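**Student:** Take this sequence and fold it.
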Amino acid sequence: MSLLRLVRGSLTVLVGSLALRLGGYVYRLLVGRLLGPDGYGIVSSTMVVQTIVMFLATFGVPPAIARYVSRYRALGDGARVRQFIRIPTATLVLLSAAASLALALAAPYLACWYFHNPRLYWPLVLTAVGLPFAAFASCVRGAFQGFQDMKGYVMTQFVEQGTRVGGAPALILAGYGPAGAVFASAALAYMTSGAYGAIQLRRKHLPEVPPDGDPLPPARVAREALTFGLPVALTGIADMLQSNVDLLAIGYFLGTLWVGFYDAAGPIARLPTTLCAAVATALLPAASEAEALRDERTLRQYAHISIKTVWTLLVPMAALTGALAEPLIVLFFGTSFRPGAQALYVLPMAMAFIVLFRNCASLLQGIGKERHPLLILTLSLALNVGLNALLVPRLGIFGASVATAVSDWVAMLLVVRAVLVSAPVELKLRWMLAPALAGSAAWLVARWVAEALPWVPLKLLAGFSAGALVYTLLVVALGGISGLEWEILERGAERIGAPRLVTALRRLQLVG
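**Tutor:** Alright, predicted model coming up:
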């Protein structure tokens, strides 16, 4: 996969992710407004448990499918491509069925003892029903990722999200309350997306895979998928806990109502990071192919993008979202969710740190160094648990956001160092400092503009516009754009017929 193909794949995932995020917001807005903070907190708490159990039950098999399908396609071994789709999928569905039974048995204890809310029982049982379907759908997406068909990957997510957005409000209005929302989200959505993806995979890609090659014994295929997948799974589990330990701490110390407030801030904080998160999806198979073909130059370019370019894009998104926290949460969820702004001041930066970690982790996993992210995230997770236990009882949801940000920052620093060791790439100090300085200035400008204006939509429009302009001018003037990034910008400008725009920007550079 060339650098241009990586960019195209990332942009495909980006466009799809933005649409999916929009659908996710419609879902959350409808569910939040139909159920209120308490009912929304029940749905959010159930989704946290589902995420944890689903990660535990997948054993990292979907990323393993992506890696081996991409690898054996590059080597022209069609027999093994087919094997690494079929056998790991069947194995994972059986394992997830066992996890489903365990969750159903644990449901009454989780509802009454941990979250202190018996109304969680039936939503948790319905979540257990959907686990095998979720496992199957994730394997299908792993196969699309391995074929580097990001359009197919995104389309399965569209079907899933469409079912969720349409089904949850319908079941709530039909009188099924939080349980109806959970069934649509945790079971029905995965049933439809898995079925759609499997049909498309059989029509589009499998006929193009010749049966030629040297097949492996089925037991070895399952063992290799699980062997590669286990460190990836443990990394995913640690990542998932890293992203949800704050909600678990809030649920235990503060109750489901505050889970609802905090979970309203979470998706707003994640929305601006969608662009950079899209890179991780395309990066794993791309890095795997580059490693199989021993293309070190391309691998170094991937490393540059996963660290430098992602950092340059993440900083302004996080800074502006944090600066405009209160008007954002009021606009999306209403004034009853205003307490969630306490967390939204800090959470965007935490999301930026963890997104950069995930991009670097995908690159390391693609080149066969899947244990590095696991070790790093394990250390960060231990720090996160300790900080949440210390800060949530004292500072509430603001303390949870601070704990998450600090631990994510540590994980980001360590994984960047691991990438620099594994795929040496030039990183100048000014390339990393210029975005931080420009982001701080953009935060101040956006905050000042928002406080000076009376109307919420006007606050957001003027704040984002002024902050983005300040950031762009400063990051260019301070020499925060690398040569590779100027090259990508010039290519993009030529494609849309605006090469003079990039030329004009380059003239603003004062440093470097």
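**Student:** next helix or strand past the lowest-mean-pLDDT helix or strand in the chain?
**Tutor:** Ranked by mean pLDDT, DSSP states H and E, the helix or strand of the chain with the weakest confidence is helix 274-292, at a mean of 60. With elements assigned by DSSP states H and E, the helix or strand that comes after helix 274-292 is helix 296-304.
**Student:** for the helix or strand just after that next one, the distance to its chain's centre please.
**Tutor:** As assigned by DSSP H and E, the chain's next helix or strand after helix 296-304 is helix 310-323. Mean C-alpha position of helix 310-323 versus that of the full chain (CA atoms, centre = their mean, to the nearest Å) differs by 16 Å.
**Student:** average pLDDT for helix 310-323?
**Tutor:** When pLDDT is averaged along helix 310-323, the result is 91.
**Student:** Now do the same for residue 139: helix, strand or coil?
**Tutor:** helix (DSSP: H, G, I helix; E, B strand; the rest coil).
**Student:** Sorry, wrong one. I was asking about residue 19.
**Tutor:** Residue 19 ends up helix, using three-state DSSP.
**Student:** Compute the number of surrounding residues for it.
**Tutor:** 15 (other CB atoms under 10 Å). Placement of C-beta: from N, CA and C, glycine included.
**Student:** now residue 207
**Tutor:** When neighbours are counted by other CB under 10 Å, residue 207 comes out with 8.
**Student:** how near is it to residue 82?
**Tutor:** Plainly put, residue 207 is 11 Å away from residue 82 if you go by CB to CB, to the nearest Å.
**Student:** List the residues that contact the nearest residue to residue 402 once chain neighbours are set aside.
**Tutor:** Closest residue to residue 402 apart from its sequence neighbours, by CB to CB, 6 or more residues apart in numbering: residue 346 at 5.7 Å. Shown in contact with residue 346 (CB atoms under 8 Å, 6 or more residues apart in numbering): 322, 398, 401, 402, 404, 405.
**Student:** For those residues, which entry has the maximal number of neighbours?
**Tutor:** With neighbours defined as other CB under 10 Å, the most crowded of the contacts of residue 346 is residue 404; it has 31 neighbours.
**Student:** how about low-confidence regions in the stretch 101-250 of the chain?
**Tutor:** Applying pLDDT under 70 to the stretch 101-250 of the chain flags residues 229, 232-233, 235-236, 239.
**Student:** 90 - rerun?
**Tutor:** Applying pLDDT under 90 to the stretch 101-250 of the chain flags residues 111-119, 142, 145-155, 157-158, 186, 204-245, 247-248.
**Student:** And the stretch 251-400 of the chain, by the same measure?
**Tutor:** 251-252, 254-257, 259-261, 263-310, 313-314, 330-338, 340, 351-352, 354-378.
**Student:** per-residue confidence for residue 10?
**Tutor:** Residue 10 is given a pLDDT of 53.
**Student:** thinking again about what came up before, between the contacts of residue 346, which sits nearest residue 106?
**Tutor:** Nearest to residue 106 among those: residue 404, at 25.5 Å, using CB to CB.
**Student:** The helix or strand in which that closest one is found vs helix 310-323, what angle?
**Tutor:** For residue 404, the host element (DSSP H and E) is helix 371-422. Comparing the axes of helix 371-422 and helix 310-323 via axes from the mean of the first three to the mean of the last three CA atoms, to 10 degrees yields an angle of 120 degrees.
**Student:** elements contacting helix 371-422?
**Tutor:** Other helices and strands packing on helix 371-422, by 3 or more CB pairs under 8 Å, 6 or more residues apart in numbering; DSSP states H and E, are helix 218-253, helix 256-270, helix 341-344, helix 347-366.
**Student:** Report the distance from that helix to the chain centre.
**Tutor:** Remark: helix 371-422 is offset 16 Å from the chain centroid, using CA atoms, centre = their mean.
**Student:** Stretch 475-488 now?
**Tutor:** Relative to the chain's own centre, stretch 475-488 is displaced by 26 Å; criterion: CA atoms, centre = their mean.
**Student:** Okay, buried residues for it please.
**Tutor:** 475, 476, 478, 479, 480, 481, 482, 484, 485, 488 (16 or more other CB atoms under 10 Å).
**Student:** which of those lies closest to residue 194?
**Tutor:** Looking across those and measuring by CB to CB, the closest to residue 194 is residue 488, at 35.5 Å.
**Student:** Next up, identify which helix or strand the closest one is on.
**Tutor:** Residue 488 belongs to helix 483-495 when elements are defined using DSSP H and E.
**Student:** name the helices or strands packed onto the helix or strand that that helix is followed by?
**Tutor:** Per DSSP H and E, the first helix or strand lying C-terminal to helix 483-495 is helix 499-506. Applying 3+ CB pairs under 8 Å, 6+ apart, we find helix 499-506 packed against helix 456-477, helix 483-495.
**Student:** 7 Å instead?
**Tutor:** Judged by 3 or more CB pairs under 7 Å, 6 or more residues apart in numbering; DSSP states H and E, the packing partners of helix 499-506 are helix 483-495.
**Student:** Identify the residues contacting the helix it packs on?
**Tutor:** Outside helix 483-495, the residues within contact range by CB atoms under 7 Å, 6 or more residues apart in numbering are 7, 301, 304, 309, 499, 501, 502, 506.
**Student:** List just the nearest of the residues you listed to residue 419.
**Tutor:** So of the contacts of helix 483-495, ranked by how close each gets to residue 419 (CB to CB), first place is residue 304, at 9.8 Å.
**Student:** Can you give me every residue that contacts that closest one?
**Tutor:** By CB under 7 Å, 6+ apart, residue 304 lies in contact with 425, 484.
**Student:** Can you list the low-confidence ranges for the stretch 401-512 of the chain?
**Tutor:** Within the stretch 401-512 of the chain, the segments meeting pLDDT under 90 span 416-432, 450-457, 479-512.
**Student:** quick revisit: mind giving me the PyMOL command for buried ones among the contacts of helix 483-495?
**Tutor:** Applying 16+ other CB under 10 Å to those, the buried members can be selected in PyMOL as follows:
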select buried, resi 7+301+304+309+502
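**Student:** In JSON lines, list the contacts of helix 483-495 along with distance to residue 356.
**Tutor:** JSON lines is the format used below for the contacts of helix 483-495 (distance: CB to CB, whole Å):
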{"residue": "7", "distance to residue 356": "18"}
{"residue": "301", "distance to residue 356": "17"}
{"residue": "304", "distance to residue 356": "13"}
{"residue": "309", "distance to residue 356": "10"}
{"residue": "499", "distance to residue 356": "30"}
{"residue": "501", "distance to residue 356": "27"}
{"residue": "502", "distance to residue 356": "25"}
{"residue": "506", "distance to residue 356": "26"}
